[in-house]
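[1] Okay, here's the prediction I keep looking at, along with the sequence it came from:
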Protein chains: 2
Amino acid sequence: MKLQTGEKLDRKSQITELAETFFHERGFLATSMRDLAKGLKIEPASLYSHIKSKDELLWEISNRCAGEFFATVVPVAKSGLNTRGKLTEMIVAHVEVVCRNLRASAVFFNEWKHLAEPRRSEYANKRDEYEGFFRMVIADGIRENLFIHFDERFSARAILSALNWTHTWYRKDGELKPREIGEHLSKILLDGLVRKI
Amino acid sequence: MKLQTGEKLDRKSQITELAETFFHERGFLATSMRDLAKGLKIEPASLYSHIKSKDELLWEISNRCAGEFFATVVPVAKSGLNTRGKLTEMIVAHVEVVCRNLRASAVFFNEWKHLAEPRRSEYANKRDEYEGFFRMVIADGIRENLFIHFDERFSARAILSALNWTHTWYRKDGELKPREIGEHLSKILLDGLVRKI
DNA sequence: GTCTATAGTTTGATAGAC
DNA sequence: GTCTATCAAACTATAGAC
């Protein structure tokens, strides 16, 4: 994603960029190094001057995206907002990261399981840690008698899984802006689909 | 899944059964015919006396599961229940199908895109048709001024994506029964996480 | 219905010239 | 940094003996 002078991506960024697109559209295993090479109009072997392996490519994409989620959402989780406001803003922040990283976040959610060990396990832990911030806020809300009393793991996953499909309907030129999508989703998840009078 | 006399599965069912497990755990592309053969302690070539191809195997699993969703949920969508009750029962019914077909439903949600054409396109249409029943009920609710006024496509997907991760937390020996999971989820989605007093 | 043997592709990755 | 050439392994699927 890093731009060089002249607004052209260097080779490594081109590769990562195209890999994001292909891993998103077809999946990691359905994308071959030959596909990437063909897309960049170079020979497959040339890719290896820029990246070490296909696994590393997946790891770089996933890891950068994971970093964005942590960097954006965790400060909100640690902020002084009240519990309801905090969960709302975490949802909005999460959705904004998804929209800013449409393809990479799909990879983050769907393709990480194809990482080779030990990265796969590290990654699973990282995701659990991330989910933990949502569990924490929900547990707070339950303790404050603000949220209905379900297992916070249950509620956290229900929320995150609703958020994680944003990438299937968000369009850069669509009418809904990321913040609006986030606000709609938190409206449904916090207040429900049913109108309260 | 069909049982023979003596409660033993015939070979074809054994293959389908194991494929469900592997496609679920590792994904379709990450599962080879050799893996299936090894799991059944036969030679890879022997599989082809029972199934025509790997694609057909995926199709059979997905299609049977799709059939279950339609057979279980559509009658509720067409029932005379009021809008709120209908959506609640559709959610419960959907979750019950997921829980009855834990592995196959994961395949239904995550692996169908690896079907070869023309099955892939047929399948995409089928899923859209299924989603349509949820859109319809939501549109009813909006018209009745019962549900908050968002694009019904948006709400339908938010709901379905929250439901579609049931398979990651449901355990046969867990404390939550399928109907309870469905009721919890519809509580969150219809009334929201926030307690109303 | 299961086997051995193998055809025919495709895969990720490397060696080494330029 | 890109190329040609290629390796070694994996893949789906088939042919034909038993």
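    Cool, got the structure.

[2] tell me the domain boundaries of chain A?
    A:11-47, A:54-191 (automatic domain parsing).

[3] Make JSON lines from those and add mean neighbour count to it.
    C-beta: built from backbone N, CA, C; applies to glycine. JSON lines is the format used below for those (neighbours: other CB atoms under 10 Å in any protein chain shown):
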{"stretch": "domain A:11-47", "mean neighbour count": "17"}
{"stretch": "domain A:54-191", "mean neighbour count": "18"}
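
[4] The residue nearest to A:Glu111 when sequence neighbours are not counted: what's it in contact with?
    With CB to CB, 6 or more residues apart in numbering or on different chains as the measure, A:Phe28 is the residue that lies nearest to A:Glu111, at 4.4 Å, once sequence neighbours are left out. A:Phe28 makes contact with A:54, A:58, A:107, A:111, A:114, according to CB atoms under 8 Å, 6 or more residues apart in numbering or on different chains.

[5] that older thread, could you export the domains of chain A to TSV, including columns for mean pLDDT?
    Formatted as TSV, the domains of chain A follow (pLDDT from 0 to 100):
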stretch	mean pLDDT
domain A:11-47	97
domain A:54-191	95
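
[6] I'd like those domains laid out as TSV, including distance to B:Ala66.
    Shown next, in TSV, are these (distance: least, CB to CB, whole Å):
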stretch	distance to B:Ala66
domain A:11-47	20
domain A:54-191	19
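
[7] For chain A, which segments are assigned as helices?
    In chain order, chain A shows helices spanning A:11-25, A:33-40, A:44-47, A:54-77, A:83-100, A:102-110, A:119-143, A:152-163, A:166-169, A:178-186, with DSSP state H as the criterion.

[8] Out of those helices, which is closest to B:Val76?
    helix A:152-163 (20.7 Å; CB to CB).

[9] What sits closest to A:Phe150 if chain neighbours are left out?
    Distances taken as CB to CB, 6+ apart put B:His184 closest to A:Phe150, at 5.6 Å, once the chain neighbours are dropped.

[10] In contact with the one you found: list those residues for me.
    The contact partners of B:His184, taken as CB under 8 Å, 6+ apart, are A:150, A:154, B:176.

[11] what's the closest of these to A:Trp169?
    Nearest to A:Trp169 among the contacts of B:His184 is A:Phe154, at 24.6 Å by CB to CB.

[12] Enumerate every residue touching that closest one.
    Counting by CB under 8 Å, 6+ apart, A:Phe154 makes contact with B:169, B:176, B:184.

[13] how close does it get to B:Ala19?
    Remark: distance between A:Phe154 and B:Ala19 (CB to CB, to the nearest Å) = 30 Å.

[14] Same question for A:Val137.
    A:Val137 is 40 Å from B:Ala19, where distance means CB to CB.

[15] What count of nearby residues applies to the residue in chain A that chain B sits nearest to?
    Scanning chain A for proximity to chain B using CB to the nearest CB identifies A:Gly192 as nearest, at 3.4 Å. Burial of A:Gly192, expressed as a neighbour count using other CB atoms under 10 Å in any protein chain shown, amounts to 21.

[16] can I assume it is in contact with B:Ile188?
    Yes: counting by CB atoms under 8 Å, a contact exists between A:Gly192 and B:Ile188, whose distance comes to 7.5 Å.

[17] coming back round to it: turn the contacts of A:Phe28 into JSON lines, including distance to B:Cys99.
    Below are those laid out as JSON lines (distance: CB to CB, whole Å):
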{"residue": "A:Lys54", "distance to B:Cys99": "36"}
{"residue": "A:Leu58", "distance to B:Cys99": "32"}
{"residue": "A:Val107", "distance to B:Cys99": "29"}
{"residue": "A:Glu111", "distance to B:Cys99": "26"}
{"residue": "A:His114", "distance to B:Cys99": "26"}
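
[18] Lovely, talk soon.
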